[in-house]
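Colleague: Pasted the sequence and its predicted model underneath.
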Amino acid sequence: MIRSLVFGATGYTGIELVRLLSAHPDVELVGGSSRQWAGKNASDAFPFISAPEDFPIFSLEDLLAEPQAEVAFLALPHGGSASTIRPLLNSGLKVVDLSADCRLHDAGVYGQWYGEHSDPQILPKAVYGLPEIHRDAIRKSHLVANPGCYPTSAILGIAPLLKRDDVDTTRPIVDSKSGISGAGRGAKLTTSFCETGEGFKPYAVIGHRHIPEMEQELSELAGESIKVRFTPHLIPASRGMVSTIYLPLKADVASEELRQEYERFYSDEPFVRVLPAGSFVDTSYVRGSNLCLIAVEKDERTDLLIVMSAIDNLVKGASGAAVQNMNLIMGLDETAGLRALPMFP
């Protein structure tokens, strides 16, 4: 059994990791960190955790001092992971970082969006952890930068088209809606029930932090500069995400041909499903799963291709992808612990 640690075990992505790892056939969760629950057991924070799945909770400093494991998941806030990574790597652990601290290759770009990086020399060691795009590099890595949820839905929705001449992918419009868990578990007025329970609103309309991540990966795949027009929204749901992507067509091409492009691109992917014509994505169809569902439609009237992708922001958008990446770097079956069907309805 592979011994694993979860730093930040009591946040939304942390407890989702606990849920997934508890059902993993090859992994034993031996410790976690939490400021509030240090010195206690996970079952004290979450009574639904029973004895076979229980594990001790430490302070971050104590867990970092003696990381008796082979792999560590960092479900820490942005800016909180960077100083933790190097000691873990030096102790011989492999690391999957769920924060944004290692996603951007350029420290200068990171600084523009997140502030000064505390350990910029760590960035070249990280592989961007989207298995559908970087699987071979992930397998060889000791440090994986888990993608953000919005970028996962957008990149998977656009990637199959980047080499086509009949679709303009240089300025995609990405309109995304996310459940409120994407904002984290910390108490905030803007994500309280009374503020969000029956509302629906855009936010960070100009300059969301996930934009450089999308542009970095899409530009590298395309071999040219891509600028993303991205608008995120909060929906009154706990989890789930849909991105609707608009791409102008440069030639008359049948929608079925474009759909077949997606089917070819993802034909061997265990967690991406391309829906048949006339079917549309739904967060209910991915809830609790590591799936990404994609639908492709052509609007004949406006000559736009409309691509829709749906993921569970806490699973394929975070913790499920982290387990998928861990499976790859540890030489396990990539789908291990992730085969469960969605929790429908």
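Modeller: Happy to help now that I have it. This one's a predicted model, so the numbers in the text were calculated from it and none came from an experiment. Residues are numbered from 1 along each chain as shown.

Colleague: wait, residue 95 sits on residue 82?
Modeller: No - using Cβ atoms under 8 Å, residue 95 makes no contact with residue 82, being 11.2 Å away. Using the backbone N, CA and C atoms, a C-beta is placed for each residue, glycine as well.

Colleague: out of the two, which sits in the busier spot?
Modeller: Legend: neighbour count by other Cβ atoms under 10 Å for residue 95 and residue 82, higher for residue 95 (28 against 22).

Colleague: before we move on, what SS does that one have?
Modeller: Of the three states, residue 95 takes strand under DSSP: H, G, I helix; E, B strand; the rest coil.

Colleague: who's in contact with it?
Modeller: When contacts are counted by Cβ atoms under 8 Å, 6 or more residues apart in numbering, residue 95 touches 71, 72, 73, 74, 85, 88, 89, 142, 143, 144.

Colleague: For the helix or strand in which the last one is found, which strands pair with it and how are they oriented?
Modeller: Assigned by DSSP states H and E, residue 144 falls within strand 143-145. Partners of strand 143-145 in the sheet, by DSSP bridges, are strand 94-97 (parallel), strand 127-128 (parallel).

Colleague: Which residue ranges make up the domains of this protein?
Modeller: 2-125, 150-313 (automatic domain parsing).

Colleague: Make CSV out of these and add mean pLDDT and distance to residue 135.
Modeller: CSV is the format used below for those (pLDDT from 0 to 100; distance: least, Cβ to Cβ, whole Å):
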stretch, mean pLDDT, distance to residue 135
domain 2-125, 96, 14
domain 150-313, 95, 9
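
Colleague: Those domains: which one's closest to residue 321?
Modeller: Closest to residue 321 of the domains of the chain, according to Cβ to Cβ: domain 150-313, at 6.7 Å.

Colleague: gap between the closest one and the chain center?
Modeller: Centroid separation between domain 150-313 and its chain, computed with Cα atoms, centre = their mean, to the nearest Å, is 13 Å.

Colleague: Then stretch 309-317?
Modeller: 7 Å.

Colleague: The nearest residue to residue 211 once chain neighbours are set aside sits in which helix or strand?
Modeller: Excluding the flanking residues, the one nearest residue 211 by Cβ to Cβ, 6 or more residues apart in numbering is residue 230, at 5.4 Å. If you go by DSSP H and E, residue 230 is part of strand 229-234.

Colleague: Give me the contact list for that strand.
Modeller: 150, 154, 171-180, 182-183, 191, 196, 199-205, 208, 210-211, 214.

Colleague: rerun at 10 Å
Modeller: Residues outside strand 229-234 that contact it (Cβ atoms under 10 Å, 6 or more residues apart in numbering) are 149-151, 154, 171-180, 182-183, 190-191, 195-196, 199-208, 210-211, 214-215, 241-243, 245-246.

Colleague: Can you show me the helices along the stretch 151-300 of the chain?
Modeller: Here the stretch 151-300 of the chain has its helices, by DSSP state H, counting those that start in this stretch, at 193-196, 211-222, 255-265.

Colleague: residue contacts, the closest residue to residue 309 other than its chain neighbours?
Modeller: Ranked by Cβ to Cβ, 6+ apart and with sequence neighbours excluded, the top spatial neighbour of residue 309 is residue 157, at 4.0 Å. Residue 157 sits next to 172, 174, 176, 243-245, 247, 262, 281, 292, 294-296, 307-310 when contact means Cβ under 10 Å, 6+ apart.

Colleague: Just the buried residues from the residues you listed, in ChimeraX please.
Modeller: Remark: buried members of those, expressed as a ChimeraX selection using 16 or more other Cβ atoms under 10 Å:
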select :172,174,176,243,244,245,247,262,281,292,294,295,296,307,308,309,310
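
Colleague: Would you map the strands across the stretch 101-250 of the chain?
Modeller: 127-128, 143-145, 173-178, 201-202, 229-234, 241-248 (DSSP state E, counting those that start in this stretch).

Colleague: now, of the ones you listed, which is deepest in the fold?
Modeller: With neighbours defined as mean count of other Cβ atoms under 10 Å, the strands of the stretch 101-250 of the chain peak in mean count at strand 143-145, which reaches a mean of 28.

Colleague: Name the residues of stretch 29-42 that are buried.
Modeller: By neighbour count on 16+ other Cβ under 10 Å, the buried set for stretch 29-42 is 29, 30, 31, 32, 33, 34, 37, 38, 42.

Colleague: how about the residues you listed in JSON lines, adding secondary structure and distance to residue 320?
Modeller: Shown next, in JSON lines, are the buried residues of stretch 29-42 (DSSP: H, G, I helix; E, B strand; the rest coil; distance: Cβ to Cβ, whole Å):
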{"residue": "29", "secondary structure": "strand", "distance to residue 320": "15"}
{"residue": "30", "secondary structure": "strand", "distance to residue 320": "21"}
{"residue": "31", "secondary structure": "strand", "distance to residue 320": "21"}
{"residue": "32", "secondary structure": "strand", "distance to residue 320": "18"}
{"residue": "33", "secondary structure": "strand", "distance to residue 320": "21"}
{"residue": "34", "secondary structure": "coil", "distance to residue 320": "21"}
{"residue": "37", "secondary structure": "coil", "distance to residue 320": "24"}
{"residue": "38", "secondary structure": "coil", "distance to residue 320": "27"}
{"residue": "42", "secondary structure": "helix", "distance to residue 320": "19"}
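
Colleague: quick one: the strand holding residue 230 to helix 211-222, angle?
Modeller: Here strand 229-234 runs at an angle of 130 degrees relative to helix 211-222 (axes from the mean of the first three to the mean of the last three Cα atoms, to 10 degrees).
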